[in-house]
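Peer 1: build the 3D model from these lines:
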Amino acid sequence: MPVRFRFADKSDQSRFTSFSCTDPVPANRQIDGRWVKGSQLHPEPWALLVQRLIHNSPIYHDKDCWIRVGVDDETGNLASYCAVAHKGNGVYEIAVIAVSRRLRGLGLGTQALRDAMAVATRDAVQRDLNPVFIATIDENNRASAHLFASFGYQLIRTYEKDRHGFVFNLWARR
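Peer 2: Numbering: from 1, shown residues only. Sure thing, here's the model as predicted:
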C-alpha cells in the first residue's frame with residue numbers, strides 16, 4: 001500500500017476527528033455492582049489518550065512544531081500521524097505517533113518515525129544544530145518502546161504516575 005508523507009494542512013482537520021488508532025471503547029457496564037466507564041476497561045488506555053489528542057489536534061506548522069501525516073494514496077485516508085516539536089538547542093520531541101488501526105502491522109510506524117526524524121534532521125541542519133531526539137512513551141506501550149528502541153532510542157527516565165494513573169518513560173537518541 002503506497003503512503004505519502006507530508007505536512008498536515010487544513011484539509012486534514014476532518015480526518016483527525018475520524019482517525020482511529022485503537023480498538024473502540026467498550027460499553028459502560030456494572031462490575032461487582034458498580035458502574036465502570038468503558039474507557040477504564042480499554043486494553044490500551046494510552047492509545048485512547050493518543051487518539052483523543054489527535055481528534056482535538058489543531059492544524060499547525062511553524063518553525064518549532066509540526067504534524068506529519070501519512071496518507072493512503074488509494075483511499076485518501078490518514079494512515080499515520082506524527083507530531084514533532086523542536087524543544088530548542090536541537091532537541092526534537094516525537095510528541096505523538098500513531099498508525100491507523102486498520103493498517104497496523106504493515107510497517108507504517110517505522111515509516112512514519114523515519115519520515116519525522118528525517119524532517120527534523122533537515123530542520124536541525126538548516127539551524128546548524130546537531131539533532132537529539134526524545135519521546136515520552138507509556139510504560140505499558142510495548143509496541144512503541146520496541147519501535148523506538150529499533151531506532152536506537154534508549155530508556156533514560158521513568159516519571160512518577162500522573163493524575164490519570166499513567167506512568168511514562170522518557171526515551172532519547174543522540
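
Peer 1: parallel or antiparallel, list what pairs with the longest strand along the chain.
Peer 2: The single longest strand within the chain, with elements called by DSSP state E, is strand 78-88. Strands that pair with strand 78-88, judged by DSSP bridges, come out as strand 65-72 (antiparallel), strand 91-99 (antiparallel).

Peer 1: packing partners of the helix or strand that comes right after the last one?
Peer 2: What that stands for is strand 91-99. Sequence-wise, the next helix or strand downstream of strand 91-99 (DSSP states H and E) is helix 108-126. Here helix 108-126 touches strand 3-7, strand 65-72, strand 78-88, strand 91-99, helix 142-150, going by 3 or more C-beta pairs under 8 Å, 6 or more residues apart in numbering; DSSP states H and E. Using the backbone N, CA and C atoms, a C-beta is placed for each residue, glycine as well.

Peer 1: could you dump these to TSV with mean pLDDT?
Peer 2: Converted to TSV, these look like this (pLDDT from 0 to 100):
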stretch	mean pLDDT
strand 3-7	95
strand 65-72	94
strand 78-88	95
strand 91-99	96
helix 142-150	96
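
Peer 1: so for residue 54, which of those sits nearest?
Peer 2: strand 78-88 (5.4 Å; C-beta to C-beta).

Peer 1: from the chain's centroid, how far away is the closest one?
Peer 2: Per C-alpha atoms, centre = their mean, to the nearest Å, the displacement of strand 78-88 from the mean C-alpha position of its chain is 7 Å.

Peer 1: list the buried residues for that strand?
Peer 2: By 16 or more other C-beta atoms under 10 Å, the buried positions in strand 78-88 come out as 78-86.
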